[in-house]
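Visitor: one predicted model, sequence on top.
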Amino acid sequence: METCQLIQPWEEPEKHINRRIKVHEDLFLVGTIEDKIVGTVMGRCDENRGWVEYLAVHPLFRRKGIGRQLVNIIEEKLSKKGCSGMVLLIQQENSDATDFYRRIGYHTKSVTYLEKRLRERRLKPRRLLRGLRFKVK
């Protein structure tokens, strides 16, 4: 993934991949040619939405249809799991990825994405308002 410049310094892809494999091994694909890894993709299903994550194709093997095949397979697997649509996130500066996804039928949707990193600071417990109760069902 580093070769493909896919991850940011704060991300922990090994942790995400290992956790996801435990739940849905069939949604993590590795493409190989002559026993060399040339591409990967991971998918997940949130209710009726399918997500494409960590799509990466080695730079020497791009524009040969590998990325398109990986996405097609993940889309098919997620459709069988009940997903009626696909979504993904791309860093704004990654115009190559944006162009790729547009070529295979994805379109930009205007949303605001907010993020809060929980590991950057220690969370202090806050006092609950008097009488406030939470029930877990």
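Guide: Here it is on my side, so go on.
Visitor: ranges for the strands of the protein?
Guide: Here the chain has its strands, by DSSP state E, at 28-33, 36-46, 49-57, 85-87.
Visitor: partner strands of the third one, with direction?
Guide: When pairs are called by DSSP bridges, strand 49-57 turns out to pair with strand 36-46 (antiparallel), strand 85-87 (parallel).
Visitor: just the strands of the chain: most buried one?
Guide: strand 49-57 (a mean of 20; mean count of other Cβ atoms under 10 Å). Glycine gets a C-beta too; all of them are placed from N, C-alpha and C.
Visitor: on that earlier part again, worst mean pLDDT among the strands paired with strand 49-57?
Guide: With a mean of 93, strand 36-46 has the lowest mean pLDDT of these.
Visitor: got the CA coordinates for that strand in PDB?
Guide: The C-alpha trace of strand 36-46 is given here as PDB (Å, rounded to 0.1, in the frame of the first residue of the first chain):
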ATOM      1  CA  LYS A  36       3.300 -11.300  -7.100                       C
ATOM      2  CA  ILE A  37       0.700  -9.000  -5.500                       C
ATOM      3  CA  VAL A  38      -0.400  -6.500  -8.000                       C
ATOM      4  CA  GLY A  39      -3.600  -5.200  -6.400                       C
ATOM      5  CA  THR A  40      -5.900  -5.300  -3.400                       C
ATOM      6  CA  VAL A  41      -9.300  -4.100  -2.400                       C
ATOM      7  CA  MET A  42     -11.400  -4.300   0.700                       C
ATOM      8  CA  GLY A  43     -15.200  -3.900   1.000                       C
ATOM      9  CA  ARG A  44     -17.700  -3.600   3.800                       C
ATOM     10  CA  CYS A  45     -21.500  -3.300   4.100                       C
ATOM     11  CA  ASP A  46     -23.300  -0.800   6.300                       C
END
